[in-house]
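Colleague: following is a predicted model, sequence given first.
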Amino acid sequence: MSGLSFALAGAVLFALALHAVFARHHLLRKIIACNVAASGVFMILVGMSSGGSDGRADAVPQALVLTGIVISVSLTAFLLSLLRRLASGGGAARLPEDER
């Protein structure tokens, strides 16, 4: 795949995940959508960094993506632990203002 197709696929993935963050009320689905949005951003960065004039990829965006993956996994684990505590205390995985 070329760099442009990675960037376009990442932009579509990010847009779909952003829609899911605002459209869904269930907190687990929002966490998953945030993970998908982060993956879209990582794809955009990798796509834009590949293919210079000499055919080699730039190392700085790749290092940023690796760092972002570590931060994303850590943040997901933290959010899932908060969701578990919220669900065990209140019995629901929704925020009180989301109730209809």
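Modeller: Yep, it's here. Numbers count the residues shown, from 1 in each chain.
Colleague: show me what the longest helix seen in the chain is packed up against.
Modeller: If you go by DSSP state H, the chain has its longest helix at helix 59-90. On a contact count with 3 or more CB pairs under 8 Å, 6 or more residues apart in numbering; DSSP states H and E, helix 59-90 meets helix 27-49. (C-beta placed from N, C-alpha, C; glycine too.)
Colleague: on the three-state scheme, Arg56 is what?
Modeller: coil (DSSP: H, G, I helix; E, B strand; the rest coil).
Colleague: before we move on, the earlier item: in the longest helix of the chain, which residues are buried?
Modeller: Buried residues in helix 59-90, counting neighbours by 16 or more other CB atoms under 10 Å, are found at 61, 64-65, 72, 79, 83.
Colleague: dead centre of the chain: give me the residue that sits there.
Modeller: Nearest residue to the geometric centre of the chain (CA atoms, centre = their mean): Ala38, 2.3 Å.
Colleague: tell me the pLDDT of that one.
Modeller: pLDDT for Ala38: 95.
Colleague: between the longest helix of the chain and helix 27-49, how big is the angle?
Modeller: 180 degrees (axes from the mean of the first three to the mean of the last three CA atoms, to 10 degrees).
Colleague: contacting residues for the residue nearest to the centre of the chain?
Modeller: If you count contacts by CB atoms under 8 Å, 6 or more residues apart in numbering, Ala38 has them with 68, 72.
Colleague: quick check: mean pLDDT of the longest helix of the chain?
Modeller: Helix 59-90 comes out with an average pLDDT of 90.
Colleague: closest one of the buried residues of helix 59-90 to His25?
Modeller: His25 lies nearest to Leu83 out of those, by CB to CB, at 13.3 Å.
Colleague: my guess is the closest one contacts Ile31. True?
Modeller: Yes: using CB atoms under 8 Å, Leu83 is in contact with Ile31, at 6.7 Å.
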